[in-house]
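Participant: Provide a 3D model corresponding to the input given below.
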Amino acid sequence: MAFIRKVKTKSGAIAVQIAYSAYGKIVRIEHIGSAHNSSELEVLIELASQQLKDRQPSLFEPQQI
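Facilitator: Model prediction:
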């Protein structure tokens with residue numbers, strides 16, 4: 001299962017990450033970027049959301065015409 005995670009960094013920025021968990025533990029993290037203000041944070045969260053949507057497999061096969 002994948003989810004978007006926000007973590008405060010040592011420098012005070014907020015890191016946006018996509019975390020993958022299995023059996024209740026985080027097994028992989030992909031760093032999207034670090035935001036230093038609220039507008040950057042919004043952009044990074046939208047980017048992470050789009051990446052999660054793009055990786056979601058389709059339940060239906062594309063229709064052939």
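
Participant: Which strand runs longest in the chain?
Facilitator: Across the chain, the strand with the greatest residue count (assigned by DSSP state E) is strand 25-35.

Participant: hey, C-alpha coordinates of that one in CSV?
Facilitator: Provided in CSV are the C-alpha atoms of strand 25-35 (Å, rounded to 0.1, in the frame of the first residue of the first chain):
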residue,chain,number,x,y,z
LYS,A,25,6.0,-1.5,8.2
ILE,A,26,7.4,1.0,5.7
VAL,A,27,9.4,-1.0,3.2
ARG,A,28,10.3,1.8,0.6
ILE,A,29,10.3,5.5,0.5
GLU,A,30,10.5,7.8,-2.6
HIS,A,31,11.5,11.4,-1.9
ILE,A,32,9.4,13.8,-4.0
GLY,A,33,10.9,17.1,-2.7
SER,A,34,11.2,19.5,0.2
ALA,A,35,9.0,22.5,0.7
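
Participant: buried set for the next helix-or-strand element following it?
Facilitator: The helix or strand immediately downstream of strand 25-35 is helix 38-55, counting by DSSP states H and E. By 16 or more other CB atoms under 10 Å, the buried positions in helix 38-55 come out as 41, 44, 45, 48. The way it works is simple: take the backbone N, C-alpha and C, and place the C-beta from them, glycine included.

Participant: pLDDT below threshold where in the chain?
Facilitator: For the chain, applying pLDDT under 70 flags the ranges 63-65.

Participant: circling back to that earlier point, who are the packing partners of the longest strand of the chain?
Facilitator: Using 3 or more CB pairs under 8 Å, 6 or more residues apart in numbering; DSSP states H and E as the contact test, the elements touching strand 25-35 are strand 14-22, helix 38-55.

Participant: chain center to the last one, what's the gap?
Facilitator: It stands for helix 38-55. Relative to its chain's centre, helix 38-55 lies at 6 Å (CA atoms, centre = their mean, to the nearest Å).
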